[in-house]
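S.K.: 3D, please:
(one chain, ligands or ions: 4)
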Amino acid sequence: MPEGHSVDKSEAHGHKLWRKPRAWWLVGIPTGGFLMFLAGIIFWGGLHTAIEVTNSIWFCTSCHEMETVYEEYKETLHYQNASGVRATCPDCHVPKVWGPMMAVKIRATFNELPKKIMGTIDTPEKFEARRLELAKHVWDRMKKTDSRECRNCHSFDSMNLDEQDKSARKKHIPERALEKGETCIDCHKGIAHELPEGY
Ligand code: HEC
Ligand code: HEC
Ligand code: HEC
Ligand code: HEC
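M.R.: Numbering: from 1, shown residues only. Ligands and ions are numbered 1, 2, ... in the order given. Presented below is the predicted three-dimensional model:
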């Protein structure tokens with residue numbers, strides 16, 4: 001991503017924002033969410049509530065409304081399936097473990113919130129242009145953590161391999177994964193969203 005290019009665009013957008021009161025209102029919702037989160041940290045007792053609020057589809061899509069990620073996800077089994085168990089955005093993207101979870105919240109506050117205000121991905125075109133890079137961040141993270149968030153729900157141990165077709169059964173053997181250094185995301189990219197163009 002050429003840096004100069006993106007800076008120009010966001011500056012231009014900044015001027016446009018001033019003339020569009022509605023845009024400020026839209027930014028207000030997520031900003032409010034973050035402020036509540038920060039307030040929660042200051043008043044320790046409220047932290048639990050702040051985490052609950054910011055770990056909801058509602059909160060994530062208050063920003064990720066202009067892109068296609070939400071629409072695509074709604075077509076997948078993780079949104080709706082026969083068993084009625086739903087994986088929400090934070091289930092896959094926000095760790096349950098305390099330290100890594102706070103790291104994500106902090107990154108969101110200092111990277112995603114400012115970029116939301118600058119409008120870095122606020123049109124489908126800008127989003128598509130950045131999509132592969134964002135996907136790579138997610139893949140790298142999942143590779144490093146051995147797909148930890150997937151494993152909050154799935155495990156090789158609890159799979160009934162007899163019920164799976166042959167292609168899956170051969171791959172879901174813990175010893176094989178260990179030996180080859182494979183993790184879920186190596187084979188299951190694009191399960192919740194379309195794969196980025198050019199991948
Ligand atoms: C304040 C607005 C805002 C909120 C709220 C928000 N995001 Fe984001 N998010 C963004 C922006 C803007 C980017 C693009 C950042 C960039 O271009 O580097 C982004 C990037 C991402 C990425 C790409 C990964 C990466 O590291 O670059 C993921 C995944 C993501 N958001 C998931 C979520 C989830 C899950 C939630 C809810 C817990 C959420 N976001 C809440 C604005 C937001
Ligand atoms: C909150 C729990 C949860 C999380 C987190 C989760 N899943 Fe799932 N996953 C499910 C459920 C429930 C189903 C649907 C099961 C069914 O009804 O067959 C499913 C289905 C699947 C399927 C088969 C259907 C399809 O879409 O291809 C794959 C593959 C899969 N998950 C991989 C993953 C991977 C990889 C991750 C991590 C990036 C992950 N899951 C995270 C609960 C979860
Ligand atoms: C070496 C590649 C590989 C790895 C690693 C792998 N899978 Fe799979 N998985 C497959 C293939 C191939 C299929 C069958 C085709 C498909 O659904 O994509 C499959 C199918 C599935 C299904 C659907 C099973 C069914 O019959 O409904 C689920 C759920 C799933 N994988 C979850 C996982 C999870 C969770 C992990 C990590 C713990 C994982 N897989 C690791 C290759 C892999
Ligand atoms: C089942 C797990 C799962 C769920 C649920 C999920 N995501 Fe993702 N998300 C991923 C994975 C894996 C990637 C990495 C790219 C890929 O493989 O599609 C990703 C990538 C992204 C990206 C980077 C851009 C891109 O398209 O690659 C954003 C932004 C994002 N997700 C936001 C969300 C939001 C918002 C929600 C809820 C509406 C959500 N995700 C729900 C697994 C999930």
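S.K.: which residues touch Thr123?
M.R.: Met66 (C-beta atoms under 8 Å, 6 or more residues apart in numbering). Backbone N, C-alpha and C define where each C-beta goes, glycine included.
S.K.: I should have written Leu161 there, sorry.
M.R.: Ala168, Arg169, His172.
S.K.: pLDDT at it, what is it?
M.R.: What the model reports as pLDDT for Leu161 is 95.
S.K.: Glu65 too?
M.R.: The model's pLDDT for Glu65 equals 79.
S.K.: briefly note if the strand or helix carrying Pro114 comes near ligand 4.
M.R.: Taking DSSP states H and E as the definition, Pro114 sits inside helix 113-118. No - contact of helix 113-118 with ligand 4 (C-beta under 6 Å from any ligand atom) is absent, the minimum separation being 11.3 Å.
S.K.: would that helix count as contacting ligand 1?
M.R.: Yes - taking C-beta under 6 Å from any ligand atom as the criterion, helix 113-118 and ligand 1 are in contact, through Leu113, Lys115, Lys116.
S.K.: grab the nearest non-local neighbour of Ile121.
M.R.: Counting by C-beta to C-beta, 6 or more residues apart in numbering, Phe127 is the residue found nearest to Ile121 once chain neighbours are left out, at 4.4 Å.
S.K.: quick one: residues contacting the one you found.
M.R.: Contacts of Phe127 (C-beta under 8 Å, 6+ apart): Met66, Glu67, Thr68, Ile121.
S.K.: pull out the buried residues from those residues.
M.R.: Met66, Glu67, Ile121 (16 or more other C-beta atoms under 10 Å).
S.K.: and stretch 92-107, which residues are buried?
M.R.: Cys92, His93, Val94, Pro95, Val104, Lys105.
S.K.: which ones among these map onto helices?
M.R.: If you go by DSSP state H, the buried residues of stretch 92-107 have Cys92, His93, Val104, Lys105 in helices.
S.K.: just give me the residue right at the centre of the protein.
M.R.: His93 (4.4 Å; C-alpha atoms, centre = their mean).
S.K.: which two among the contacts of Phe127 are spaced furthest apart?
M.R.: Thr68 and Ile121 (11.1 Å; C-beta to C-beta).
S.K.: and Tyr199, how many neighbours does it have?
M.R.: Neighbour count of Tyr199, defined by other C-beta atoms under 10 Å: 12.
S.K.: is it true that Gly104 touches Lys96?
M.R.: Quick fix: residue 104 is Val, not Gly. No - counting by C-beta atoms under 8 Å, Val104 stays clear of Lys96, with 10.8 Å between them.
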